[in-house]
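**Q** take a look and give me a structure for this.
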Amino acid sequence: MAVEETHDGPATPAGPATPGGATAAPDGPATPTGTATPTGTATPTGTATPTGTATPTGMATPTGTATPTGTATPTDTSGAAPPSSRAGGGAAPAIEVRELVKSFGEVRAVRGVSFEVAIGEVFGFLGPNGAGKTTTINMLCTLTRPSAGEALVAGHDVVRERDDVRRNIGLVFQDPTVDGYLTAAQNLQLHAELYGVRSDLVRPRMRQVLEMVGLWERRGTAVSTFSGGMRRRLEIARGLMHSPRVLFLDEPTIGLDPQTRRSIWSYIRELKEQEEITIFMTTHYMDEAEWCDRIAIMDHGEIVALDSPEALKASVGTDRVTIQTDDNEAAIAALRSQFGLDAKLSEGAVTIAVAGGAQFVPHLFDEWDPSHPPIRGVSVSRPTLDDVFMSYTGTTIRDAEEDQSRHRNRVMMQMMGGGRR
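**A** Presented below is the predicted three-dimensional model:
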């Protein structure tokens, strides 16, 4: 999920820079590779220098219960950061969002989302590609002007106080923006200078962030020789160079192998402990969302659930039974007529949500009518975040991404067909 569009207006003389990425000097913007141009307006990646640090916080409380069918019924969808997780027992949240909307013509990419992120929290946006996650981040980082609603980041309005927002945030984009022709140290040096970091603080800060991501010994090496995982770690280090109060990570591990993804998350957890920073990240990896203090599940531009991972899984209240048959549609009909269960087709198999899945399976085989399609295989799993996503949306995140991909392909074919007529 790449950055989707530019912000809606020119930068002010304060000199926006790329949040955590390529940055702009006071007189002009930066190119995607991190070199400033003499004059003009900022590219979609602009912020300025930050101030202050944040204090750590806790986690949220459960918000939902489950109905007998296993569909979660939320009791609090406000998305407010709980008082117990606010620094000092009453500090303002690091991020406040109220009825935020973004429309592109007749398409509403973000449909009135509201939530808060406490100071020091690791907050995750979970959802399939195209759900509106990056559009929301772009609005919070002042790269896209909201169509309606209000958002405050580090206490500053994202529309009226864009420069103040940019001084307090860092942003690591989904697509790499480090300059491959420069060394790791030169990339960070450039970033520090454009953010106005005091010269006597640059080297100790550089060493601190590079050691944190395991790249201090490679500081003099050209970035063009780095692996994908090393570049990603350097992006995170650069985003921390100016000590932002809020760090935005847009799909920080997309395209990386599982071992590198685990390594990146190790650095993120260490970052939270050492920097006392608020982290807002997007992901469509369920296992990554487990590391967040709280997650918001987004689908079709709306937040459908928001709580801690454990509370969301507890809200499902059922096990997931997956059945392999030769005729899935007939099996779904049989489960409905014989057992009164609402089964779904997910990732090529029939899935049902039942309480006590291990006890249900023997009963299923005992009562299964021989006229129904034979069951070739069955598995039982405890609730996962994928089950939570299915509970609230009726589909798994993988199926949702496939549906959106097919929709995009249909639209492209229609556009191509229209162009030929």
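**Q** flag the shaky bits of the stretch 1-150 of the chain, pLDDT-wise.
**A** Scanning the stretch 1-150 of the chain for pLDDT under 70 picks out the ranges 1-90.
**Q** all strands for the stretch 301-421 of the chain, in order.
**A** For the stretch 301-421 of the chain, applying DSSP state E, counting those that start in this stretch gives strands covering 302-307, 319-325, 344-346, 349-354, 375-381.
**Q** mean neighbour count and distance to Val158 for these - can I get that in a markdown table?
**A** C-betas here are computed from N, CA, C, even on glycine. A markdown table is the format used below for these (neighbours: other C-beta atoms under 10 Å; distance: least, C-beta to C-beta, whole Å):
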| stretch | mean neighbour count | distance to Val158 |
| --- | --- | --- |
| strand 302-307 | 23 | 18 |
| strand 319-325 | 20 | 39 |
| strand 344-346 | 17 | 37 |
| strand 349-354 | 22 | 39 |
| strand 375-381 | 13 | 40 |
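**Q** out of the ones you listed, flag the one nearest Asn187.
**A** Smallest distance to Asn187 across the strands of the stretch 301-421 of the chain (C-beta to C-beta): 35.3 Å, for strand 302-307.
**Q** so how far is Lys272 from Cys94?
**A** Small correction: residue 94 is Ala, not Cys. 13 Å (C-beta to C-beta, to the nearest Å).
**Q** just want to know which of these two has more residues nearby.
**A** Ala94 (29 against 19; other C-beta atoms under 10 Å).
**Q** please enumerate the helices of the stretch 101-250 of the chain.
**A** All helices of the stretch 101-250 of the chain, identified by DSSP state H, counting those that start in this stretch, fall at 133-140, 162-167, 184-194, 199-212, 228-240.
**Q** identify the contacts common to Ala94 and Lys272.
**A** Here Ala94 and Lys272 have Gly120 as joint contacts, going by C-beta atoms under 8 Å, 6 or more residues apart in numbering.
**Q** that older thread, any idea which of the strands of the stretch 301-421 of the chain scores lowest on pLDDT?
**A** The weakest mean pLDDT among the strands of the stretch 301-421 of the chain belongs to strand 344-346, with a mean of 86.
**Q** list of residues touching it?
**A** For strand 344-346, contacts defined as C-beta under 8 Å, 6+ apart pick out Thr322, Asn328, Glu329, Ile332, Val350, Thr351, Ile352, Met390, Gly394, Thr395, Thr396, Asp399.
**Q** adjacent strands (with direction) for it?
**A** Using DSSP bridges, the strands paired with strand 344-346 are strand 349-354 (antiparallel).
**Q** how much does the strand it pairs with deviate in direction from strand 375-381?
**A** Going by axes from the mean of the first three to the mean of the last three C-alpha atoms, to 10 degrees, strand 349-354 is angled at 50 degrees with respect to strand 375-381.
**Q** would you pull up how far strand 349-354 lies from the middle of the chain?
**A** 27 Å (C-alpha atoms, centre = their mean, to the nearest Å).
**Q** swap in stretch 193-207?
**A** Remark: stretch 193-207 is offset 29 Å from the chain centroid, using C-alpha atoms, centre = their mean.
**Q** give me the buried positions along it.
**A** Buried positions in stretch 193-207, judged by neighbour count with 16 or more other C-beta atoms under 10 Å: Leu194, Tyr195, Val197, Val202, Arg205, Met206.
**Q** thinking again about what came up before, in JSON lines: the strands of the stretch 301-421 of the chain, plus distance to Arg162.
**A** Putting the strands of the stretch 301-421 of the chain into JSON lines (distance: least, C-beta to C-beta, whole Å) gives the following:
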{"stretch": "strand 302-307", "distance to Arg162": "24"}
{"stretch": "strand 319-325", "distance to Arg162": "45"}
{"stretch": "strand 344-346", "distance to Arg162": "42"}
{"stretch": "strand 349-354", "distance to Arg162": "45"}
{"stretch": "strand 375-381", "distance to Arg162": "46"}
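**Q** can you check which of those gets nearest to Glu251?
**A** Minimum separation from Glu251 across the strands of the stretch 301-421 of the chain (C-beta to C-beta) falls at strand 302-307, 18.0 Å.
**Q** and the closest one, what does it pack against?
**A** strand 107-117, strand 294-299, helix 309-316, helix 385-393 (3 or more C-beta pairs under 8 Å, 6 or more residues apart in numbering; DSSP states H and E).
**Q** in its sheet, which strands sit next to the shortest one, and in what direction?
**A** Going back to what we said before, that points to strand 294-299. Its sheet considered, strand 294-299 pairs with strand 122-126 (parallel), strand 302-307 (antiparallel) by DSSP bridges.
**Q** quick one: which of these is nearest Asp287?
**A** That would be strand 122-126 among the strands paired with strand 294-299, by C-beta to C-beta, at 10.9 Å.
**Q** show me the contact partners of that closest one.
**A** With contacts defined as C-beta under 8 Å, 6+ apart, strand 122-126 is touched by 95, 117, 133, 136-137, 268, 272, 278-284, 286, 288-289, 291-298, 385, 389, 397.
**Q** that one vs helix 385-393, what angle?
**A** Using the same axes, to 10 degrees: strand 122-126 against helix 385-393 is 60 degrees.
**Q** mind listing what's buried along stretch 205-216?
**A** Residues of stretch 205-216 classed as buried by neighbour count (16+ other C-beta under 10 Å): Arg205, Met206, Gln208, Val209, Leu210, Met212, Val213, Leu215, Trp216.
**Q** how far away is the closest residue to Ser227 other than its chain neighbours from Val380?
**A** With C-beta to C-beta, 6 or more residues apart in numbering as the criterion, Ser227 has its nearest non-adjacent residue at 8.0 Å, and that residue is Thr260. Relative to Val380, Thr260 is positioned 32 Å away (C-beta to C-beta).
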